[in-house]
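> let me see the structure of the following:
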Amino acid sequence: MRILLVSQMYPGPADPDLGVFVAQVEHALAERGHEIERCVLDSRAGGKTRHLALARQARAAARRFRPDVVYAHFLFPTGLPASLASDAPLVITAHGQDVRNIGAIPGVRAATRRVVRRAKEVVAVSDYLRRELETKVPEARGKTEVIDCGVDLERFRPRPAPDGPTAYLCVGGLTERKNVLRLAAAFERVRNHSETLTFVGEGPLRRLLEGRKGVVLAGAVPHDEIPDWIARAHVVCQPSLLEPFGQVLLEAMACGRSVVATRVGGPPELVAPGTGVLVDPTDEENLADALRLGAGLPCPNEAAIGVAALHDVRTQAERIEGVLERAAGTRR
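I've put the predicted structure just below:
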C-alpha cells in the first residue's frame with residue numbers, strides 16, 4: 001500500500017521524544033513492505049500557524065504521492081487537513097487529548113464530527129477512549145476499532161532486578177493530571193530511610209517536589225534512555241487523575257516491572273492480576289497501600305512480561321495494516 005502518514009506529533013531534532021509512539025508504528029508498517037510518505041510536525045515550536053503549514057504539506061504530498069490511503073493521528077487538528085488533503089480513504093487514530101477537547105474547546109466538536117464522517121475507519125488506543133468518543137461523536141459508532149500503539153519489545157525487554165531497597169519510578173510530566181504531588185505524599189507515608197521515588201520528566205510542579213526526602217528529580221531524558229531508567233526501578237507508578245491508555249505502563253511491564261496505575265481510563269485494560277495494582281488516584285491512603293503492595297510483587301514480574309508480549313508493536317502494526325487495507329479496498 002501507498003500510505004500517506006499525517007501527524008501533529010513526530011520525533012525531530014528539537015523534540016526527539018515527540019510522538020515516539022507514532023514513529024514506532026510507522027517503522028513497523030514500513031518493515032511490512034508498505035511505502036509511506038510522511039507529513040508531520042516534528043517540533044512543538046511554531047504556534048498555530050504550524051497546522052496551516054501541515055495542511056499545505058499534506059495536500060502537496062497527496063498530489064505527488066497519490067496514496068491508497070491516508071493514515072492520520074489525532075482527530076483534531078490533524079484530522080482536518082488530513083481529511084482534505086486527498087480523496088483517498090481516511091483512517092484516523094484517536095489518542096486521548098483530542099477526545100477530551102471535544103466539547104471543552106469551541107468548534108472542536110463540529111470539526112471532529114466532520115473528520116469522523118469523512119473517515120472510513122477510526123482507531124482508538126483503548127476501549128475507554130472508544131466509549132468516550134462514541135458518546136461525544138455518535139458518527140464514530142460502528143466504525144471504531146481499539147488498537148493501541150504497542151511497545152517495541154526489542155528496546156523494552158526484561159531486565160534483572162536492581163540491587164538495594166525498593167526504588168519507585170514515575171515517568172511523565174510533572175503536572176496536576178499526572179498526580180505527582182499525591183504520589184510523592186503517598187511515598188512519604190511508606191518510605192523507610194533508604195527507599196527512593198524518582199521522577200523522570202519536567203513540568204510546572206517541579207518546585208513543589210524539590211527537597212523531599214527520598215525523591216529524585218531526574219528531569220527530562222531522551223526516550224531512548226527510558227528502558228535504562230525502568231531497569232533501575234522495582235516498581236513503576238502512573239497514578240494519573242486520567243490516563244487514556246498508559247504507554248509508560250506497557251513499557252515498564254515489558255521490562256518486567258510491576259506497576260501502580262490509575263483505575264481511571266485505559267490502564268485497567270492493561271493491568272491484569274499479578275502485574276500491578278490499580279488505585280483510586282484521588283485517595284492518598286489507597287495510593288500508599290498500592291505502593292506497599294507493588295513492592296511486594298516479583299521483580300522481574302513474569303506476569304507483566306506476558307501481558308506486554310500481547311502488545312508487541314509489530315503485532316499492533318499488523319492489525320493497523322488490516323484496517324488500512326480494508327479502507328483502501330473501498331476505493332477500488
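
> so where is the stretch 201-332 of the chain shaky, pLDDT-wise?
331-332 (pLDDT under 70).

> strands along that one, start to end?
215-219, 235-238, 258-262, 276-279 (DSSP state E, counting those that start in this stretch).

> now for the third one, which elements pack on it?
The elements that strand 258-262 packs onto, with contact taken as 3 or more CB pairs under 8 Å, 6 or more residues apart in numbering; DSSP states H and E, are strand 235-238, helix 247-254, strand 276-279, helix 284-295. C-betas here are computed from N, CA, C, even on glycine.

> for S194, which non-adjacent residue is spatially closest?
Spatial nearest neighbour of S194, excluding adjacent residues (CB to CB, 6 or more residues apart in numbering): P165 at 4.3 Å.

> torsion angles phi and psi at the one you found?
phi -60, psi 170 (degrees, to the nearest 10).

> which stretch among the strands of the stretch 201-332 of the chain comes nearest F187?
Evaluated with CB to CB, the strands of the stretch 201-332 of the chain place strand 215-219 nearest to F187, the distance being 7.2 Å.

> per-domain residue ranges of the chain.
Annotated domains of the chain cover 2-150+312-331, 167-309 [automatic domain parsing].

> in TSV, list the ones you listed along with distance to F156 and mean neighbour count.
Below are these laid out as TSV (distance: least, CB to CB, whole Å; neighbours: other CB atoms under 10 Å):
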stretch	distance to F156	mean neighbour count
domain 2-150+312-331	10	19
domain 167-309	4	20
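
> quick check: E176 touching L241?
Yes - judged on CB atoms under 8 Å, E176 makes contact with L241 at a distance of 7.2 Å.

> ok so, going back, out of the strands of the stretch 201-332 of the chain, which gets nearest to R100?
Across the strands of the stretch 201-332 of the chain (criterion: CB to CB), the nearest stretch is strand 258-262, sitting at 14.9 Å.

> any residues touching the closest one, and which ones?
Strand 258-262 has contacts (CB atoms under 8 Å, 6 or more residues apart in numbering) with 168, 179, 234-243, 246, 249, 252-253, 267, 270-271, 275-279, 281, 287, 290-291, 294, 297-299, 301, 304.

> how about 6 Å then?
The contact list for strand 258-262 (CB atoms under 6 Å, 6 or more residues apart in numbering) reads 235-240, 243, 249, 252, 267, 271, 276-278, 281, 290, 294, 297, 301.

> how distant is it from the center of its chain?
In terms of CA atoms, centre = their mean, to the nearest Å, the centre of strand 258-262 is set 15 Å apart from its chain centre.

> before we move on, the earlier item: count of neighbours near the residue nearest to S194?
The number of residues packed near P165 is 14, by other CB atoms under 10 Å.

> from H234, how far off is it?
To H234, P165 is 9 Å away according to CB to CB, to the nearest Å.

> beta partners of the residue nearest to L297 when sequence neighbours are not counted?
Closest residue to L297 apart from its sequence neighbours, by CB to CB, 6+ apart: S258 at 3.9 Å. Beta-bridge pairing for S258 (DSSP bridges): V235.

> so how far is A233 from S258?
10 Å.

> the protein: helices as residue ranges?
For the chain, the helices defined by DSSP state H cover 20-31, 49-65, 79-85, 97-100, 108-118, 127-136, 180-190, 206-209, 226-231, 247-254, 284-295, 302-309, 313-331.
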